[in-house]
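Undergrad: Return a 3D structure for these sequence lines:
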Amino acid sequence: MTTSSSERGVSLGMPQLPAPGYPDDVRARLEADAREIIARYPDSRSALLPLLHLVQSEEGHVTRTGMQFCADMLDLTTAEVTAVATFYTMYRRKPSGDYQVGVCTNTLCAVMGGDAIFEELQEHLGVGNGETTDDGKVTLEHIECNAACDFAPVVMVNWEFFDNQTPASAKRLVDDLRAGRPVDPTRGARLCTFKETARILAGFPDERPGAVEESGSAGPASLVGLRLARGEAAPARVVHPREGGPHGGPQDRAMHEPSPAEHLSSHDAPQKTSASDPAHPAGPVAEEGE
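TA: Residues are numbered from 1 along each chain as shown. All right, here's what the predicted structure looks like:
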């Protein structure tokens, strides 16, 4: 015996109505911005990602109206736009707060305290993952790697870094955001709202005085590998010779400048195979053409 869809509790419902359009003044303004974005690309459909940021800057999330606008501007179907908007996590599909607070809970941040930070923020704010506080200020979420493992555990607010966080510092951070107090990231320009961030990601300049100069560069820990790759000498370090161990005498703890062939621990930059192991069958490393 078969059962109908209604008996199974399935409601087919009515087809979804077309998305409402933007008000005329909003659409005219967005169209001008969209044309500027599209002109940057030889193939117009390549402008879809920044256009999604543009419509997100209007309403704080990507609405059906925004996706229809992108489809109209790029001569795409709404299915094509929806496929992209639902793939990337930076595009919000529902209303969210002025500040997107993301706690990294990937492996290194998690073991360094990210899990504890996320749990305490949920309790402190009274929200779950992906939920927004009643005042509309903060949306909390756990996120995957922020590519800042050397500053773990890391919290991001509107994609700006807050490094080496603790549960206490993270709670102060969200309290300041909700109270409207100034908050400065560890690295990067001072915070702006999520809508303002979305417009910058769409490719429009940050017009706040001094904001570009504040952006800075990567932190010192991130630049160590770059300096070693350029052949810049690493500073002298205190090391423990393998035979002496950490409990050796003062002579074992003397300052030591590693030789180019040394690889003392997993924290040292590895050398090319033939440099770290002269007996390797690859032989000495030579530049191409030598």
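
Undergrad: Quick check: Val84 vs Leu125, distance?
TA: Taking CB to CB, to the nearest Å as the measure, Val84 falls 31 Å from Leu125. (Each C-beta comes from the backbone N, C-alpha and C, glycine too.)

Undergrad: Test my guess that Asn158 contacts Phe194.
TA: Yes. With the criterion set as CB atoms under 8 Å, Asn158 and Phe194 qualify as a contacting pair; they are 5.4 Å apart.

Undergrad: Overlap in contacts, those two.
TA: Among the neighbours of Asn158, those also in contact with Phe194 (CB atoms under 8 Å, 6 or more residues apart in numbering) are 99-100.

Undergrad: can I assume Ser46 sits in a strand?
TA: No. Inclusion of Ser46 in a strand is not indicated when DSSP: H, G, I helix; E, B strand; the rest coil is applied; the result is helix.

Undergrad: Report the separation between it and Leu74.
TA: Spatial separation of Ser46 from Leu74 under the definition CB to CB is 9 Å.

Undergrad: Give me the more crowded residue out of these two.
TA: Legend: neighbour count by other CB atoms under 10 Å for Ser46 and Leu74, higher for Leu74 (20 against 13).

Undergrad: need the contact list for that one.
TA: Shown in contact with Leu74 (CB under 8 Å, 6+ apart): 38, 44-45, 47-48, 51, 81.

Undergrad: Repeat the analysis, applying 10 Å as the threshold.
TA: Under the criterion of CB atoms under 10 Å, 6 or more residues apart in numbering, the contact list for Leu74 reads 34, 38, 41, 43-48, 51, 80-81.

Undergrad: Please identify which of Val84 and Leu125 sits among more neighbours.
TA: Applying other CB under 10 Å to Val84 and Leu125 shows that Leu125 carries more neighbours, namely 21 against 18.

Undergrad: I figured that one hits Glu119, correct?
TA: No. Using CB atoms under 10 Å, Leu125 is not in contact with Glu119, being 11.3 Å away.

Undergrad: Can you classify Arg172 as helix, strand or coil?
TA: helix.

Undergrad: Next, work out how far apart it and Arg199 are.
TA: Where Arg199 is concerned, Arg172 sits at a distance of 28 Å (CB to CB).

Undergrad: How about Gly126?
TA: 30 Å.

Undergrad: The two - which one has more neighbours?
TA: It is Arg199, of Gly126 and Arg199, that has more neighbours when counted by other CB under 10 Å, with 21 against 10.

Undergrad: List the single closest residue to that one in space, sequence neighbours excluded.
TA: Ser57 (3.9 Å; CB to CB, 6 or more residues apart in numbering).

Undergrad: in a helix, that's where the one you found is, yeah?
TA: Yes. Residue assignment for Ser57, taken from three-state DSSP, places it within a helix.

Undergrad: Tell me which residues touch it, please.
TA: By CB under 10 Å, 6+ apart, the contact list for Ser57 reads 30, 33, 66, 193-202, 204.

Undergrad: Alright, that wraps it up for me.
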